[in-house]
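Student: Here is my input, please return the structure:
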Amino acid sequence: MATVNKTIPAKKKNKDSLFNRINKWLHLWLGLISGVIVLIVCITGCIWVFNEEITGLLEPETKIEKQDKPVITPSQLSAIAFKLYPEKIPSYAQYQQGRAISLNLRGKKDEGRRGGGTSLKINPYTGEVISKVVHKKGEVDFFRFILNGHRFLWLPYVIGRPIVNYGTMIFVVLLITGLIWWYPKKWNRSTRDKSFKIKWGASFKRVNLDFHNVLGFYSLIFLLFIALTGMVYGIKWYSEGLYWVTSGGNKLGDFQRLESDSLAVGKFYTPQKAMDLAWQKVISRHPKSQGFYYNFPDTSKAKATINITVYPNTGQFYNNQGYTFDQHTLKEFKREGVYAIAYEEAGFGGKLRKMNYDIHVGSILGFPGKVMAFLASLIGASLPITGFLIWYGRKFKKKAVKKVPILTEGNNKPAGFKPRAKIPIKKVEVIEQD
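Tutor: This is a model prediction of the structure:
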């Protein structure tokens, strides 16, 4: 004999392909591993984007209206600094149109990455010292603190820097795997709404999922550009490889160290005269530039050089031009390499490399580009949080509690007990076989 109605529940099949399962696994675990790194790097990055604008607002006294007369020269800056701090020497000065000159001084105890230093804000036309700030060894200002977190997570540099570099590379993988996971299997009205819209009136879990998926998609291209340009500064093989590909096989080359002729000390110009003559040469070539970075020569070192960088546009760095002079003879050195060539004369790879920082912070598109970089970085900082909440909600979701019926014996029934209606039981048909 055999029974007819016996059924066995079928196992639920996994409809995802092997590729999709691997993609989801990578996105999940790489996201959990790098989440804190991405959060810190993105949140510090979006603050750093507006460091110049915020500093200008917090220091209104440093705003100086443009006047139709020459600004004070490097030798005059050096003389002002010597009167205040005779034991320190000028390190560099930042000339910016419409702003006070920022002069940085260093002493013998101020050497090293966090050696400290003294900053002076000086009126570019009168030489008046507007403000003085002395940083002790290891002390940094707010934006330097933010930048240190962005670069090496406030850890020792040799430890934190590689973590940030390769954490950024993992973030690029996360963006790509996230896009693959986001892409719907079928395009219809329902999937379009889920992919491009946030359902604000839904539960917290649904809104959080929409934040992760929808905002992640909209910011994807911006975050990719930010991450890929950020890796240029920390991963040498990536930086060299990117330039090799974009320049048609050219080698990036090492940093070129130029030296003054130590045998010409005292034969041609005094240090102060050489400083001013080099300055005059550069500003006469770029009279309409919006900013200059003047690197003072260390006169105690005979081989030190005078370095001047010109910034034609406010807040942009891609078209800067650098000059190097011998501090004794005033001979102008011919720089080599991608950064020595003027932006207009550079090839595609050279232009892309010169634009790298401006792309990274969004300033390549001016102020609107900075706003987009800020918003993209803010969304990037939210992705590890929303992603973790999605994983946690699925991994540790509360299971529904099943109600267990109360068994009673005999007439021992609880108060208010009502007997349930009897459900007819289907009889199992028995088939006899010969």
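
Student: Can you pull out the low-pLDDT segments for this structure?
Tutor: Within the chain, the stretches with pLDDT under 70 are 1-14, 109-115, 398-434.

Student: quick one, helices of it?
Tutor: 18-48, 51-58, 74-84, 142-152, 157-182, 189-196, 204-210, 216-218, 220-230, 236-246, 271-285, 348-354, 356-361, 366-395 (DSSP state H).

Student: So for residue 325, which of those sits nearest?
Tutor: The closest of the helices of the chain to residue 325 is helix 271-285. By CB to CB, the value is 4.4 Å. No exception for glycine: its C-beta is placed from N, CA and C like everyone else's.

Student: follow-up on the earlier one: take the helices of the chain and lay them out in TSV including distance to residue 130 and mean neighbour count.
Tutor: TSV is the format used below for these (distance: least, CB to CB, whole Å; neighbours: other CB atoms under 10 Å):
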stretch	distance to residue 130	mean neighbour count
helix 18-48	24	17
helix 51-58	13	13
helix 74-84	12	18
helix 142-152	19	17
helix 157-182	33	17
helix 189-196	51	12
helix 204-210	49	16
helix 216-218	43	18
helix 220-230	34	20
helix 236-246	39	14
helix 271-285	21	17
helix 348-354	33	19
helix 356-361	27	21
helix 366-395	26	18
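
Student: Turn those helices into TSV, columns for distance to residue 107.
Tutor: Listed next are the helices of the chain as TSV, based on distance: least, CB to CB, whole Å:
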stretch	distance to residue 107
helix 18-48	28
helix 51-58	24
helix 74-84	11
helix 142-152	18
helix 157-182	22
helix 189-196	58
helix 204-210	53
helix 216-218	49
helix 220-230	33
helix 236-246	33
helix 271-285	18
helix 348-354	34
helix 356-361	30
helix 366-395	36
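
Student: quick one: which of the ones you listed is nearest residue 324?
Tutor: helix 271-285 (9.2 Å).

Student: residues in contact with the closest residue to residue 45 other than its chain neighbours?
Tutor: Spatially, and ignoring its direct neighbours in sequence, residue 45 is nearest to residue 377 (4.6 Å; CB to CB, 6 or more residues apart in numbering). Counting by CB atoms under 8 Å, 6 or more residues apart in numbering, residue 377 touches 42, 43, 45, 46, 49, 223, 226.

Student: next one: residue 331
Tutor: Contacts of residue 331 (CB under 8 Å, 6+ apart): 261, 325.

Student: Starting from residue 373, give me the distance back to residue 363.
Tutor: 8 Å (CB to CB, to the nearest Å).

Student: Domain ranges for the protein, per the record?
Tutor: With domains defined by the TED database, the chain comprises 18-58+141-252+364-395, 65-124+257-335.

Student: Out of those domains, which gets nearest to residue 133?
Tutor: Residue 133 sits nearest to domain 65-124+257-335 of all the domains of the chain, at 4.6 Å, using CB to CB.
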